[in-house]
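Engineer: how would this look folded up:
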Amino acid sequence: MSATAYVALKDLVRLRYRAQGFSYRPAQPVNSVLAGRKRSRLRGRGLDFDELRHYRPGDDVRNMDWRVTHRTRTPFVRVYTEERDRPVWVVVDQRLAMFFGSRHQMKSVGAARTAALSAWRVIGVGDRIGALLFNDTTSKVYRPSRSPGALMSWLATLVSMNHQLSADSNETSRSDALPEALKKLSRYLTHDSLVIIISDFDGWDDKSLAAIKAMRQSNDVVAALITDPLERSLANADQLVVSDGAFQIQVESGKKEADIRFREKFDAHVNSLGETLKRHQIPLISLTTESDIANQLLRQLGGSPAAATTAARQ
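Structural biologist: Got it, this is the predicted structure:
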């Protein structure tokens, strides 16, 4: 089955009705890859329990914790902080390196769908969503908003970027565009935001890590890695032609030695990225081009198989 090369705006809008059954908020089901993430003080609206402390004259007696008071024989009150909505940013990679796919969709299409699903979900729970969209030559910033109209505006830009990708392009993919985009976003971040980076992380280096570490000091960061099965193994490719934009060669995919080297290089990249992110307590969502993105998000962010089936039918 050929991969979907480009995404349509109407398809991203339609994903609004499938953006359910998963969440990026700190409270997660035990089977979610985000489970155990440190809770932020700012997450939604209402009153959120903060701490227990000794009673002080003037404290509201309605906040007394009678169970603890009875057990310790000392008056304790429960202290609450006001919850506020948290701004969420999606960073969406649309570089030429993302214009690759052997199964269901191109990586660039999978990234766009992941961004749209995430954005519709964020708006659906009343939080604000913003975006930094980037390719090999430019980047666009859209500040967080609850407005569906603002979301539609940057989704249209995302579709435009996606349609600019072409295998016939004379341009080459710039690996340094990733750290540049992350550094640019840091100028717009304040604190207590959630940043979702959607990319194949081509060009991941010390500069990229430094940018993410800076974000991580006062914000939450989640990485969504988009890969294609053919990136790991050439064995399933009948005939593969690789080009750098100027020259091209035909790869003999049946060569076992070539396949092993190819797999080792890919695994080294993924393992290095995963270990580095884990060391800095940054969750990694692994997505693939070979199946439906909405179902993958449901499975990894705590959705049940039944929920995934229901969403797929809608």
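Engineer: all helices of the stretch 101-250 of the chain, in order?
Structural biologist: For the stretch 101-250 of the chain, applying DSSP state H, counting those that start in this stretch gives helices covering 107-124, 148-164, 177-186, 206-216, 229-232.
Engineer: could you dump these to JSON lines with mean pLDDT?
Structural biologist: Output for the helices of the stretch 101-250 of the chain, formatted as JSON lines (pLDDT from 0 to 100):
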{"stretch": "helix 107-124", "mean pLDDT": "96"}
{"stretch": "helix 148-164", "mean pLDDT": "97"}
{"stretch": "helix 177-186", "mean pLDDT": "94"}
{"stretch": "helix 206-216", "mean pLDDT": "93"}
{"stretch": "helix 229-232", "mean pLDDT": "83"}
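Engineer: among the ones you listed, which is nearest Tyr17?
Structural biologist: helix 107-124 (8.4 Å; Cβ to Cβ). Every C-beta, even on glycine, is put in place using the N, C-alpha and C of the backbone.
Engineer: returning to what we had before: quick check: which of the helices of the stretch 101-250 of the chain is buried the most?
Structural biologist: Of all those, helix 107-124 carries the top mean neighbour count, a mean of 26, counting by mean count of other Cβ atoms under 10 Å.
Engineer: and the angle from it to helix 148-164?
Structural biologist: 180 degrees (axes from the mean of the first three to the mean of the last three Cα atoms, to 10 degrees).
Engineer: and of the helices of the stretch 101-250 of the chain, who's closest to Asp136?
Structural biologist: helix 177-186 (5.6 Å).
Engineer: Can you give me the buried ones in stretch 136-143?
Structural biologist: Asp136, Ser139, Val141, Tyr142 (16 or more other Cβ atoms under 10 Å).
Engineer: Out of the helices of the stretch 101-250 of the chain, which gets nearest to Ala8?
Structural biologist: helix 148-164 (6.9 Å).
Engineer: And for that closest one, what's in contact with it?
Structural biologist: 6-9, 12-13, 92, 94, 108-109, 112, 115-116, 119-120, 123, 129, 131, 133, 135, 140, 142, 145 (Cβ atoms under 8 Å, 6 or more residues apart in numbering).
Engineer: What's the separation between Leu151 and Leu287?
Structural biologist: 21 Å (Cβ to Cβ, to the nearest Å).
Engineer: Count the residues that sit near Asn271.
Structural biologist: 10 (other Cβ atoms under 10 Å).
Engineer: Follow the chain on from the helix or strand containing it and name the next helix or strand.
Structural biologist: Asn271 is part of helix 256-279 when elements are defined by DSSP states H and E. Per DSSP H and E, the first helix or strand lying C-terminal to helix 256-279 is strand 284-288.
Engineer: So Ser166 sits against Met106, correct?
Structural biologist: No. With contact defined as Cβ atoms under 8 Å, Ser166 does not count as touching Met106 (11.6 Å).
Engineer: Between the two, which contacts overlap?
Structural biologist: Residues touching both Ser166 and Met106 (Cβ under 8 Å, 6+ apart) are Phe99.
Engineer: more crowded one of the two?
Structural biologist: Met106 (24 against 12).
Engineer: Any idea which of the helices of the stretch 101-250 of the chain gets closest to Leu298?
Structural biologist: Of those, nearest to Leu298 by Cβ to Cβ is helix 107-124, at 9.6 Å.
Engineer: and that closest one, what other elements does it pack with?
Structural biologist: helix 9-14, strand 87-93, strand 128-134, helix 148-164, strand 194-199, strand 220-227, strand 284-288, helix 293-300 (3 or more Cβ pairs under 8 Å, 6 or more residues apart in numbering; DSSP states H and E).
Engineer: run the last query once more with 6 Å
Structural biologist: strand 87-93, strand 128-134, helix 148-164, strand 194-199, strand 220-227, helix 293-300 (3 or more Cβ pairs under 6 Å, 6 or more residues apart in numbering; DSSP states H and E).
Engineer: So for Arg261, which of the ones you listed sits nearest?
Structural biologist: That would be strand 220-227 among the helices and strands packed on helix 107-124, by Cβ to Cβ, at 17.5 Å.
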